[in-house]
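K.L.:
Predicted model and sequence follow; I will ask about them next.
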Amino acid sequence: MGQHNIMVKICVGTACFVQGGADLLLYEDFLDPSLLRICTIEGTSCLHCCKTDDQQLRAPFVEINGVVHANVTPKRLIELLREAQHA
Ligand code: FES
């Protein structure tokens, strides 16, 4: 059974915003309406993930159903939401 309410928090803190988070805020332009319908998407202040020294974990960060993802591009956001939809 698929998921019907996916909670999405797009970080709009400074580090995330300047490293691609601003593009993610245009999500309505690139998300399929069927996907958009089952998502609750909101901006959030810094998730405090940008302070890490781990170079693999880079902004922008997005939290989906309580799990934080790094390096999220619009394409990756769609993939993550499809995965959450079918979880
Ligand atoms: S600005 Fe996004 S995690 Fe800090």
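P.N.:
It's in.
K.L.:
rest of the way, CA atoms for contacts and neighbours
P.N.:
Noted.
K.L.:
Kindly report the residues of this structure close to the ligand.
P.N.:
Cys11, Gly13, Thr14, Ala15, Cys16, Cys46, Leu47, His48, Cys49, Cys50, Phe61 (C-alpha under 6 Å from any ligand atom).
K.L.:
Show me which of those is closest to Ile38.
P.N.:
Nearest to Ile38, judged by C-alpha to C-alpha, of those is Cys11 at 19.6 Å.
K.L.:
so what's the closest residue to that closest one other than its chain neighbours up against?
P.N.:
The shortest distance from Cys11 to any non-neighbouring residue, by C-alpha to C-alpha, 6 or more residues apart in numbering, is to Thr44 (4.9 Å). Shown in contact with Thr44 (C-alpha atoms under 8 Å, 6 or more residues apart in numbering): Lys9, Ile10, Cys11, Val12, Gly13.
K.L.:
list the contacts for the second one?
P.N.:
The reference is to Ile10. Contacts of Ile10 by C-alpha under 8 Å, 6+ apart are Gly21, Leu24, Leu25, Ile41, Glu42, Gly43, Thr44, Phe61, Val62, Glu63.
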